[in-house]
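*Asks:* Provided below are the primary sequence and the corresponding predicted coordinates.
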Amino acid sequence: MQELFLQHIEQNKWAIRDQRILLTVSGGLDSMVMLHLFVSSGFQVSVAHCNFQLRGSESDGDEQFVVKKCQQFQVPVDVKRFDTNNYATHNHVSTQMAARDLRYAWFYELADQGHFSFIATAHHLNDAIETTLLNLISGRGADGLTGIAAQNGRIIRPLLFASRKLIEKYAADHTITWREDSSNSQDEYKRNFIRHRIIPLLSQLNPSLLDSVSRSMRKNEGVVELEREAIAAFESRYVSRKADRIAIDKTALQRYQHKVSVLYELIKGYGFSLEQCGQVVPAVPGQPGKRFSSASHQLVIDRDELIITRHTETPAEVRIALSDNVSVLGTQRLQLEETEEVSISNDDNGHTSFDADKVNYPLTWRTWREGDFFYPLGMENRKKISDFLIDRKIPLNDKAKVTVLESKGEIMWVVGHRISHHFRITPGTKRVLRIKVMPHFM
């Protein structure tokens, strides 16, 4: 097995011979075999052990066992105790997820402090197959049917080539002792149920189950790679990204037979589910304006694009006195100044100008509302802002961000778009209010 272990490292091109490696050791069979393989192969290693304090004296026994073994191997060891139940309660996650969050955060912290190039975990082939079956049951796509990656950033999995039987044989051949986790025998955990119930049944149908599923996982890796390349090509041509939004070309998406799958791959990173994508796609050819939300983002079907933006909470309104000079609303800020230098132009070097004597303070700066109207510059008649924005072909998603500036209840400016005819500069203007609108980065 040691030869296969070294081959696995070489095949993955892990240049770790002269690097410091942090081994995550629980005291169980897999991690104790991993520790033995690294030490006997002459690598420079340290050990990290987590005590999640979930199994009372059993957890403390694991800790003592790992510390003693590391002393025997003359390997440095760090131990940390976690109040896992408290973390799970306060963060509204399961105990298993809490333990995962806590250990990986600590592993990365240790790796940074100790200048470790890699963090090694003891996942093996059976773990990868269990993960594949779990993902299959939960409806994950092709990327969920590739098992566990051999490397994810600094995390490496040097036992991924080995079956549990091979690991057990190595332990027996080298008289390696380990600690049994009593929770591993409890079938209420999904993974344990698959391990103890499902895989033995499937193995009756196919005695070579591990080899067969392993081959399928490798094939799926190729499929996933092709899928990623296709999605990347689509993104480069038909997806535009700005600081505050992502836009997907509707027409390009409509050309694909598997539109739902394509859309899901494009937007799953923004919290949208496959089911939501199945609702979005039929709505694309219809009337623009339909909205869909994830926990963090919203998707709006616009005329030509699907627009995705992050949910933001914008104050309802801001009161502005002339002395305020600069005011902020959401992602914009306004800079005000009064001057007696009069220019007939209402737009001068990025500043929008108003007749200061027609302005009453405090001004109100707010998002526009249905029913709002104003008198666009050059027009004597009033116009609804909703109609004005339609005429200007403002994208649906951007409409919600449009703000207005009011003076004594009258809209003097649709900010960044058009001032009111009533507040324009005229030959009789004596003083000018100049306002500059700028982006505000929060």
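*Replies:* Now that the structure is in, tell me what you want to look at.

*Asks:* check the secondary structure at the residue nearest the centre of the chain for me.
*Replies:* Nearest residue to the geometric centre of the chain (C-alpha atoms, centre = their mean): Gly269, 5.4 Å. For Gly269, the assignment made with DSSP: H, G, I helix; E, B strand; the rest coil gives helix.

*Asks:* now do the contacts for it.
*Replies:* Contact analysis of Gly269 by C-beta atoms under 8 Å, 6 or more residues apart in numbering lists nothing. C-betas here are computed from N, CA, C, even on glycine.

*Asks:* now swap in Leu396 and tell me
*Replies:* For Leu396, the contacting residues are Pro288, Gly289, Val300, Ile301, Asp302, Arg303, Ile307, by C-beta under 8 Å, 6+ apart.

*Asks:* one more: His311?
*Replies:* Ser293, Ser296, His297, Gln298.

*Asks:* the second one against Ile308, yeah?
*Replies:* Read it as Ser296. No: counting by C-beta atoms under 8 Å, Ser296 stays clear of Ile308, with 10.2 Å between them.

*Asks:* what about these two, which has more around it?
*Replies:* Taking neighbours as other C-beta atoms under 10 Å, Ser296 and Ile308 compare with Ile308 leading, 23 against 11.

*Asks:* and for the more buried one, nearest residue in space, chain neighbours not counted?
*Replies:* Take Ile308 and drop its neighbours on the chain: the residue closest to it by C-beta to C-beta, 6 or more residues apart in numbering is Ile246, 4.4 Å away.

*Asks:* and Leu37, by the same measure?
*Replies:* Phe5 (5.0 Å).

*Asks:* which parts of the stretch 301-442 of the chain are helices?
*Replies:* 385-391, 396-399 (DSSP state H, counting those that start in this stretch).

*Asks:* quick one: closest of these to Thr24.
*Replies:* Nearest of these to Thr24, taken as C-beta to C-beta: helix 396-399 at 44.4 Å.

*Asks:* from the middle of its chain, how far away would that closest one be?
*Replies:* 24 Å (C-alpha atoms, centre = their mean, to the nearest Å).

*Asks:* for stretch 4-19, same thing?
*Replies:* 31 Å.

*Asks:* thinking again about what came up before, distance check, the residue nearest to the centre of the chain against Glu229.
*Replies:* The spacing between Gly269 and Glu229, counted by C-beta to C-beta, to the nearest Å, is 17 Å.

*Asks:* repeat for Val213
*Replies:* Counting by C-beta to C-beta, the gap from Val213 to Glu229 is 25 Å.

*Asks:* compare these two (neighbour count), which wins?
*Replies:* Neighbour totals were compared for Val213 and Glu229, and Val213 leads with 22 against 10 (other C-beta under 10 Å).

*Asks:* by mean pLDDT, which helix or strand of the protein comes out lowest?
*Replies:* Least confident helix or strand of the chain, by mean pLDDT, DSSP states H and E, is strand 347-348 with a mean of 52.
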